[in-house]
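Peer 1: This is a predicted model, with the sequence first.
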Amino acid sequence: MTLPINFKMKAIQKKYSGKGYNTRLRKEKKIPAIIYGNGCKNEMVIVDDIEFGKIFRSARERSIIEIDIEGTKKNVLIRDYQIDPVKRNFTHVDFYEIMEGNPVKTKVPIILENTPVGVRMGGVLEQYIIEIDIKCLPKNLPESILVDVTSLDVKQGILVRDLKVPEGIEILLKPDINVARVVPSRKTKEEAATTGGATEEATEEATD
């Protein structure tokens, strides 16, 4: 089965090293990068800043990218990257090479769907995990994990163990970690406190 390629880009081999050389590359809108993984020898390459930036905004860590290195094509995931804190441009990228039959570890976003019952009753939906670590074959990589939160009432939540993922995907987080929860709003808490105080006063008057 052919891997589902999400993006394609070009690269050239990086033949030199050193801080000065890397600085010159960045001034020319090029990014030093490395490709590693699957027991293969690390390969130093150079990618175009603008081309990579366009892909990065959509790909992140979950999409398969086909890199053409002067005629040699490799399938990779974005594993890590560095950004200049002042100029906000990419200064380095790590690509992880993947192969069809070898499982990979990566992150995918968790997307909460629909409005919980508890929110309609005045609660607030809080999401504690926006990405989740998974392990699967490249062909099974999902774009995201969808979670239907319609039935959640106030003080109810979703744990990692409650997530429903397609067959062949292994979640790499502890099952009792909170993913999302509907909590009482501040207004609801204040109203509850006020009601509680009024009830106590009424009880004391009745006693007197």
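Peer 2: That came through fine.
Peer 1: what does the lengthiest strand in the chain rub up against?
Peer 2: When the chain is parsed with DSSP state E, its longest strand is strand 72-83. Strand 72-83 has contacts (Cβ atoms under 8 Å, 6 or more residues apart in numbering) with 3, 5, 35, 37, 56, 59-67, 89-99, 104, 106, 138. (Each C-beta comes from the backbone N, C-alpha and C, glycine too.)
Peer 1: So which bits of the helix or strand containing residue 20 are buried?
Peer 2: Assigned by DSSP states H and E, residue 20 falls within helix 19-27. Under the neighbour-count criterion of 16 or more other Cβ atoms under 10 Å, helix 19-27 has 22, 25-26 buried.
Peer 1: for it, packing partners?
Peer 2: Under the contact criterion of 3 or more Cβ pairs under 8 Å, 6 or more residues apart in numbering; DSSP states H and E, helix 19-27 touches strand 30-37.
Peer 1: Tell me which other helices or strands the strand it packs on touches.
Peer 2: Checked by 3+ Cβ pairs under 8 Å, 6+ apart, strand 30-37 has helix 19-27, strand 40-48, helix 49-59, strand 72-83, strand 90-97 packed alongside it.
Peer 1: and among those, the most buried is which?
Peer 2: When the helices and strands packed on strand 30-37 are scored by mean count of other Cβ atoms under 10 Å, the highest mean neighbour count falls to strand 90-97 (a mean of 19).
Peer 1: Quick one: closest of the helices and strands packed on strand 30-37 to residue 154.
Peer 2: For the helices and strands packed on strand 30-37, distance to residue 154 was read as Cβ to Cβ. The smallest value, 36.1 Å, belongs to helix 49-59.
Peer 1: Let me see the mean pLDDT of the closest one.
Peer 2: For helix 49-59, the mean per-residue pLDDT is 89.
Peer 1: hey, which helix or strand in this structure has the poorest pLDDT?
Peer 2: Across the helices and strands of the chain, mean confidence by mean pLDDT, DSSP states H and E is lowest for helix 186-207: a mean of 56.
Peer 1: From residue 101, how far out is residue 18?
Peer 2: Note on residue 18: its distance to residue 101, by Cβ to Cβ, to the nearest Å, is 38 Å.
Peer 1: Show me how the record splits this structure into domains.
Peer 2: 7-100, 105-187 (automatic domain parsing).
Peer 1: next one: the shortest one to chain centre, how far?
Peer 2: Same thing as domain 105-187. The chain centre lies 12 Å from the centre of domain 105-187; the measure is Cα atoms, centre = their mean, to the nearest Å.
Peer 1: same deal with stretch 92-107?
Peer 2: Mean-position distance between stretch 92-107 and its chain equals 15 Å (Cα atoms, centre = their mean).
Peer 1: So which residues make contact with it?
Peer 2: With contact meaning Cβ under 8 Å, 6+ apart, stretch 92-107 is reached by 1, 3, 31-38, 40, 47, 52, 60-62, 64-65, 67, 74-82, 131-139, 141, 172.
Peer 1: Check stretch 111-128 too.
Peer 2: Identification of contacts with stretch 111-128 by Cβ under 8 Å, 6+ apart yields 110, 144-156, 177-185, 187-188.
Peer 1: Swap in 10 Å and give it another go.
Peer 2: 110, 130, 143-158, 177-188, 191 (Cβ atoms under 10 Å, 6 or more residues apart in numbering).
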